[in-house]
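J.: Attaching a predicted model along with its sequence, questions to come.
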Amino acid sequence: MDVKNTFLNRDLNEEVYMEPPRGSSIPFSKTEHGTILRLLYVDDMIITRDDTVDIFSLKQFLSRQCEMKDLGFLNYFLSLEISHDPSGNFLSQAKYTSDLLAHVGLTNCKTASTPIDPQTRLTLLDGHVLSNATLYHQLVSSVVYLMVTRPHIAYVVHIVSQFMVVPHFPHYDALVCILCYLKGTMFHGLHNSAHSSVQLHTFSDANWAGDPTDRRSTTGFCFFLGDSPIAWRSKKQTLTARSSTETEYRALADTTQELVWLRWLLSDIGISHPTATNLYCDNQSAIKIAHNDVFHDRTKHIEIDCHFIRQHVTSGTVRLLFVTSANQTIDIFTKAHPPRRFSDLLSKLKLLYALPP
């Protein structure tokens, strides 16, 4: 529904209250004809009922309140292309990617098999400083937005984002590599299955001391609702960890925090999870510490994260399960990989589907 906001370009004669008047519990505005209109302020609204009659009635009600245009079934929104079939919804950003490549003159560039070379090690002192960093800033912002349908580029995007203040030529070259990869996978996107379960589960991983400059680690996680990915992150940790166990525990703490919020959100829209949510981790030490309330000298420096995770383990919110490193499906969020391993991880994640051009 498109609201025709013509009032933004004309003088208002009505009294408009941005906050409820004193003594009133309902926000409202007073029109020039004396009619009191109730206003609803929301940050986000989710309609959970799938009843076409109710949806039609809601559209009629909204149209009576102000001039609106029914745009029909969702197909394009904020550069997101949405297609529908009996198997579910497919989200892509092919046009957005094409426009981005044209903007930087890479329409006919050679494609890359991965978004970053596994041997690449970027630092703050690599090469010469770019004379004009504006293009770099624009490109980083653009590839960040592409993560909406391309979760698997999150790791390399988090790397190039670290050099926004003073970008160098090698950092720009890494951005070009991302774009060359996107050129070859322009019609790939994200598939949300219509037949998937609504059971929440998640994977947590970390790359210990992977940053060549400050030796900080990278946290990665991905949440699935059945087969459909719904939330992911690749982010450098704020402190330097002194062990791989500490690194994994910080990643588990961040994942658990997101997990608690997602369980609350799903419950709020009618999808309850009465049992513990499976959280898969490839570090046995971190899992054992989470089940052991005795902290040794070597783990006292991560005691806060230990208590936080253990609290949700004992309360039945989280169930920690071990997965081998070879089967860690979100390894793609914490480090770069050669083409074969990269392709294998994509298939395990079941993230990408390709539409015909």
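T.: Right, received. Where do you want to start?

J.: How about the secondary structure of Ser83?
T.: At Ser83, secondary structure determined by DSSP: H, G, I helix; E, B strand; the rest coil is strand.

J.: I'd say it and Phe90 touch.
T.: Yes - with contact defined as CB atoms under 8 Å, Ser83 and Phe90 form a contacting pair (4.7 Å). In this view, the C-beta of every residue, glycine as well, is placed from N, C-alpha and C.

J.: Neighbour count for these two, which is higher?
T.: Phe90 (18 against 13; other CB atoms under 10 Å).

J.: pLDDT score for that one?
T.: In the prediction, the pLDDT value recorded for Phe90 is 90.

J.: Direction included, what does the helix or strand containing it pair against?
T.: Counting by DSSP states H and E, the secondary-structure element that holds Phe90 is strand 88-92. When sheet partners are counted by DSSP bridges, strand 88-92 sits next to strand 80-85 (antiparallel), strand 188-193 (antiparallel).

J.: Just name the shakiest helix or strand of the chain by mean pLDDT.
T.: Considering only helices and strands, the least confidently modelled element of the chain by mean pLDDT, DSSP states H and E is strand 36-38, at a mean of 47.

J.: so after the strand holding Phe90, what's the next helix or strand?
T.: Past strand 88-92, heading to the C-terminal end, the next element that is a helix or strand (DSSP H and E) is helix 94-103.

J.: just checking, what packs against that following helix?
T.: Secondary structure elements in contact with helix 94-103, counted by 3 or more CB pairs under 8 Å, 6 or more residues apart in numbering; DSSP states H and E, are helix 134-146, helix 169-184.

J.: For the shortest one, could you pull out the residues that count as buried?
T.: Of the residues in helix 134-146, those with enough neighbours to count as buried (16 or more other CB atoms under 10 Å) are 136, 139-140, 142-143, 145-146.

J.: so Leu106, which of the three states?
T.: Assigned state for Leu106: coil (three-state reduction, three-state DSSP).

J.: wait, doesn't it sit right on Cys177?
T.: No - using CB under 8 Å, Leu106 is not in contact with Cys177, being 10.8 Å away.

J.: Compare the two (neighbour count), which wins?
T.: When neighbours are counted by other CB under 10 Å, Leu106 and Cys177 differ, and Cys177 comes out ahead with 18 against 15.

J.: still on that earlier bit, mind putting the helices and strands packed on helix 94-103 into JSON lines with mean pLDDT and distance to Lys236?
T.: Formatted as JSON lines, these follow (pLDDT from 0 to 100; distance: least, CB to CB, whole Å):
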{"stretch": "helix 134-146", "mean pLDDT": "94", "distance to Lys236": "15"}
{"stretch": "helix 169-184", "mean pLDDT": "94", "distance to Lys236": "15"}
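
J.: From the chain's centroid, how far away is the helix or strand where Arg340 lies?
T.: Element membership of Arg340 [criterion: DSSP H and E] is helix 339-349. Taking the mean of its C-alpha atoms, helix 339-349 sits 19 Å from the chain's own mean (CA atoms, centre = their mean, to the nearest Å).

J.: What mean pLDDT does that helix get?
T.: Per-residue pLDDT over helix 339-349 has a mean of 87.

J.: outside of that helix, which residues touch it?
T.: Outside helix 339-349, the residues that touch it by CB atoms under 8 Å, 6 or more residues apart in numbering are 113-114, 151-152, 222, 229, 327, 329-332, 337, 352.

J.: May I see the PyMOL selection of the buried members of those residues?
T.: The buried subset of the contacts of helix 339-349, as determined by 16+ other CB under 10 Å, is captured in PyMOL by this line:
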select buried, resi 114+151+152+222+229+329+330+331+332+337+352
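
J.: Format the contacts of helix 339-349 as JSON lines; extra columns: secondary structure and distance to Val260.
T.: Converted to JSON lines, the contacts of helix 339-349 look like this (DSSP: H, G, I helix; E, B strand; the rest coil; distance: CB to CB, whole Å):
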{"residue": "Ser113", "secondary structure": "coil", "distance to Val260": "38"}
{"residue": "Thr114", "secondary structure": "coil", "distance to Val260": "34"}
{"residue": "Pro151", "secondary structure": "helix", "distance to Val260": "21"}
{"residue": "His152", "secondary structure": "helix", "distance to Val260": "25"}
{"residue": "Cys222", "secondary structure": "strand", "distance to Val260": "16"}
{"residue": "Pro229", "secondary structure": "strand", "distance to Val260": "19"}
{"residue": "Asn327", "secondary structure": "helix", "distance to Val260": "26"}
{"residue": "Thr329", "secondary structure": "coil", "distance to Val260": "22"}
{"residue": "Ile330", "secondary structure": "coil", "distance to Val260": "19"}
{"residue": "Asp331", "secondary structure": "helix", "distance to Val260": "24"}
{"residue": "Ile332", "secondary structure": "helix", "distance to Val260": "25"}
{"residue": "His337", "secondary structure": "coil", "distance to Val260": "30"}
{"residue": "Leu352", "secondary structure": "strand", "distance to Val260": "29"}
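
J.: Tabulate the contacts of helix 339-349 (CSV), appending distance to Asp214.
T.: Compiled in CSV, those are given as follows (distance: CB to CB, whole Å):
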residue, distance to Asp214
Ser113, 30
Thr114, 25
Pro151, 25
His152, 25
Cys222, 25
Pro229, 30
Asn327, 30
Thr329, 28
Ile330, 23
Asp331, 22
Ile332, 23
His337, 23
Leu352, 32
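
J.: Out of the contacts of helix 339-349, show me where the pLDDT dips lowest.
T.: Comparing pLDDT over the contacts of helix 339-349 singles out Leu352 as the least confident position, at 68.
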